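Asker: Just a sequence and a predicted model for now, questions to come.
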Amino acid sequence: MKILVINCGSSSVKYQLIDTETETALAKGLVARIGMSASVLTHKPHDRPEVKVSGEILDHIVAIEYVVSILLSENHGVIKDRSEIQAVGHRVVHGGERFSESVLITKEMLAEIRSLIDLAPLHNPHNIRGINACMKTLPNIPQVAVFDTAFHHQIPPYAYVYGIPYILYKRYGIRRYGFHGTSHMYVSERAAAMMGKPVSELRLITAHLGNGCSITAIDRGKSVDTSMGFTPLEGLLMGTRSGDLDPAIILHIMAREELSLHEANTLLNKHSGLAGISGVSSDMREITKEAAGNNTNAKLALDIFCYRLRKYIASYAAALNGVDGLVFTAGIGENSPEVRAQACAKMDFLGIRLDETKNRQAIAKEMDISAPGTKVRVMVVPTNEELVIARDTLRLVQKQKA
Ligand code: AMP
């Protein structure tokens, strides 16, 4: 079956057309700058070079039409007829407590996803826009929602309830939800395969380090704690997000700088993290380069990033009563030997030690990078969230047909 996987942001649509027989992407791409000047579609068929098409892409509906057109186009397309697309899988960031697994999207389900906008005002509205656009452009085929939060739904209350009046959890759903669930699930399963054991026998820690960063403790296949919380702002230091901080700091800054709620939100989500500390960039490549060239603030940002990662790894080893495998994934996790080495330094008390040569060789490929004879297997696993979405979409479509 050919499944279109869609990930909608405020002004972007990422897509992949996945053939579920071979579990490969026939084409992938990105529509950027939707609703702005100079919108551009970047498209890469699996067997031909990348192409860029610019145009006036006013909204998500036009964006999806562009995507379907290029998938069908004579020169850059990979299908002959739109009926070859048999289902659409959508990444939906927040499933709240309502969605513990993926669902076929019906009118009722869409209304329920809409009712969660309050929990994820920065993400869910765009995901819903994508769903509506696909329903218009590709009517009469199943649409499936796959939630970033679903993998974490079995986290125990002592890990998801915050130290604020319990009534606020009941009234507003303020609790830890966790994100990047499809990625943590995928890499944990790949890591188990690399270790030659079922995931149900392993205690794993998975570190998804991309623009957004989160780390998860997985006990025999179940997420039991994760660093992102009520929103994707909590936890590790990220490109532009602060991660953990004393909540009183926000009140203090808002009062001193006379910031509105919106401005405070922007400060924490867009101007903090690696970018805010270094003043250089949110991109780890730049940070590492500048840090090596003795830029003190870039070095500080890198040190904070790795130190916080080490603290989380050790605390999740405690949550799991030991650890069998540690997995690095996403842009930084897959490509930065420097970060992996620094995060794993002085961790031999836990049985974590890297093989320096293997660590340097492991760039964007599955590889065991632990030193021979060490207790904990440390692995690099490229993530594949789109494949998880396609697999779940296929499963639900087949279930519907049965
Ligand atoms: P992602 O969100 O998974 O696409 O990750 C994007 C981030 O990965 C970028 O912002 C970079 O910070 C980081 N990244 C990508 N390539 C490298 C690399 N070679 N070394 C260090 N960081 C990298």
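Answerer: Alright, I've got the coordinates.
Asker: quick one, what contacts the residue in the stretch 151-300 of the chain positioned nearest to the ligand?
Answerer: Closest to the ligand within the stretch 151-300 of the chain is G210: 2.6 Å, counting by C-beta to the nearest ligand atom. C-beta here means a position set from N, CA and C on the backbone, and glycine is covered the same way. Residues in contact with G210, defined by C-beta atoms under 8 Å, 6 or more residues apart in numbering, are 330-333.
Asker: okay, the helix or strand hosting A63 in PDB with CA atoms only?
Answerer: If you go by DSSP states H and E, A63 is part of helix 60-72. Once non-C-alpha atoms are left out, helix 60-72 reads as follows in PDB (Å, rounded to 0.1, in the frame of the first residue of the first chain):
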ATOM      1  CA  HIS A  60      -2.100  24.300   3.600                       C
ATOM      2  CA  ILE A  61      -4.800  23.200   1.100                       C
ATOM      3  CA  VAL A  62      -2.800  24.700  -1.800                       C
ATOM      4  CA  ALA A  63       0.400  23.100  -0.200                       C
ATOM      5  CA  ILE A  64      -1.200  19.600  -0.300                       C
ATOM      6  CA  GLU A  65      -2.400  20.100  -3.900                       C
ATOM      7  CA  TYR A  66       1.200  21.000  -4.800                       C
ATOM      8  CA  VAL A  67       2.500  17.800  -3.100                       C
ATOM      9  CA  VAL A  68      -0.100  15.600  -4.900                       C
ATOM     10  CA  SER A  69       0.700  17.300  -8.200                       C
ATOM     11  CA  ILE A  70       4.400  16.700  -8.000                       C
ATOM     12  CA  LEU A  71       3.900  13.100  -6.900                       C
ATOM     13  CA  LEU A  72       2.000  12.700 -10.100                       C
END
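Asker: near the ligand, anything from the next helix or strand after that helix?
Answerer: Tracing the chain past helix 60-72, the next element assigned as helix or strand by DSSP H and E is strand 85-92. No: using C-beta under 6 Å from any ligand atom, strand 85-92 stays clear of the ligand, with a minimum separation of 13.2 Å.
Asker: Can you pick out the most distant pair from the contacts of G210?
Answerer: By the measure C-beta to C-beta, the contacts of G210 have their two most distant members at G331 and G333, which lie 7.3 Å apart.
Asker: who touches both of those two?
Answerer: Overlap between the contact sets of G331 and G333, as judged by C-beta under 8 Å, 6+ apart, is given by 209-210.
Asker: Please identify the helix or strand for L17.
Answerer: When the helices and strands are read off by DSSP H and E, the one containing L17 is strand 13-19.
Asker: While we're on the residue of the stretch 151-300 of the chain closest to the ligand, how confident is the model there?
Answerer: G210 is assigned a predicted lDDT (pLDDT) of 96.
Asker: quick one: it from H271, how far?
Answerer: 18 Å (C-beta to C-beta, to the nearest Å).
Asker: Ok, E290 next?
Answerer: The spacing between E290 and H271, counted by C-beta to C-beta, is 18 Å.
Asker: Pick out whichever of the two has more residues nearby.
Answerer: Neighbour tally, E290 and H271, criterion other C-beta atoms under 10 Å: the higher count belongs to E290, 20 against 14.
Asker: so who does the more buried one touch?
Answerer: For E290, the contacting residues are 278, 280-281, 298-299, taking C-beta under 8 Å, 6+ apart as the criterion.
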